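Engineer: Sequence and predicted model, in that order:
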Amino acid sequence: MGLTVYDLAGAQDDCRFSPYCWRVRLALAHKGLEAEFLPWRFTEKERLVFSGQDRVPVLVDGETVVSDSWAIMTYLDEAYPERPLFDTAQARAEATFLKYWAEMVLQPALAPLVLNDIYRAIHEKDRNYFRTSREKAFGCRLEDLPGDATARLKTVRQVLAPLRRTLGGQPFLGGAAPSGADFLPYGAFQWVAVVSGTTFLEPDDPITAWRQRVAGWYGDALDVR
Ligand SMILES: N[C@@H](CCC(=O)N[C@@H](CS)C(=O)NCC(=O)O)C(=O)O
């Protein structure tokens, strides 16, 4: 039986912008595993009831249901040990910092740049829910989120500095080849790239080169089908 992933989609089925779902897409590509990525919209909560929670990604592998991108990555390494996302328990433990950095520092810094673009990209039926939930979370109207663009960009540059410095000295966060460590922040960059024309990386930025290297490494396996 094949693998299935419930994957956040915008109005168009091929608009897949969730940073967490991108981690799973990359993890599956890394292992050379095929999966069907079912488009799912924010308000289709009833379709996830079987998973016991209401967020994507959700992976279904036969009788096994796993939600949460990190739990899915862990599951994939246990169930499909070939081509590990993390070579050792130590590598995985160290990458936990990157997971939380991506979620608690990088994504919040990028959110003001991207949330209005997401609002425009999502299905009409999701818009009220998205606006209400995000305005409650951020404590302001979506339109007021970007604030002062120059200050915002300065924050993003500062946040990215350690990643930029690291990737200036090695091709991947995993070292000579990509590993699960790369996928944790990479998802956040896909979040912006898929829905937004906002550019915050210079063409000669080592992070730009790294993004191209990761995409090139997996090639067609990352195509949204
Ligand atoms: N900790 C979860 C977070 C998953 C998550 O927040 N997913 C978002 C999509 S990016 C979602 O499903 N949101 C539904 C909602 O906001 O109602 C993971 O790593 O997978």
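Structural biologist: Great, that's in hand.

Engineer: Check for me that M104 belongs to a helix.
Structural biologist: Yes. The assignment for M104 by DSSP: H, G, I helix; E, B strand; the rest coil puts it in a helix.

Engineer: From Q158, how far out is it?
Structural biologist: Computed as C-beta to C-beta, to the nearest Å, the M104 to Q158 distance reads 15 Å. Using the backbone N, CA and C atoms, a C-beta is placed for each residue, glycine as well.

Engineer: before we move on, could you check phi and psi at D7?
Structural biologist: Backbone dihedrals for D7, given as degrees, to the nearest 10, come out at phi -130, psi 130.

Engineer: repeat for the one 3 residues further on
Structural biologist: In terms of degrees, to the nearest 10, the main-chain angles of G10 are phi -90, psi -160.

Engineer: residues contacting it?
Structural biologist: G10 sits next to 16-17, 118, 121-123, 195 when contact means C-beta atoms under 8 Å, 6 or more residues apart in numbering.

Engineer: got it, and C15?
Structural biologist: 9, 121, 194-195.

Engineer: cool, and P185?
Structural biologist: Going by C-beta under 8 Å, 6+ apart, P185 touches 98, 101-102, 106, 163, 173.

Engineer: ok, now L85?
Structural biologist: With C-beta under 8 Å, 6+ apart, L85 has these contacts: 27, 30-31, 73, 76-77, 92, 179-180, 183.

Engineer: just the residues of the protein that are near the ligand, which are they?
Structural biologist: Residues of the chain lying close to the ligand (C-beta under 6 Å from any ligand atom) are 8, 18-20, 42, 55-57, 68-70, 133.

Engineer: For A137, grab the count of nearby residues.
Structural biologist: Neighbourhood size, A137 [other C-beta atoms under 10 Å]: 10.

Engineer: So it versus R131, what's the distance?
Structural biologist: A137 is 11 Å from R131, by C-beta to C-beta.

Engineer: now do S179
Structural biologist: Applying C-beta to C-beta to S179 and R131 gives a distance of 37 Å.

Engineer: what comes into contact with the lengthiest helix in the chain?
Structural biologist: Using DSSP state H, we find that the single longest helix of the chain is helix 149-169. Helix 149-169 is contacted from outside by 105-106, 109-110, 112-113, 146, 173, 185, 200-201, 205-207, 209-210, using C-beta under 8 Å, 6+ apart.
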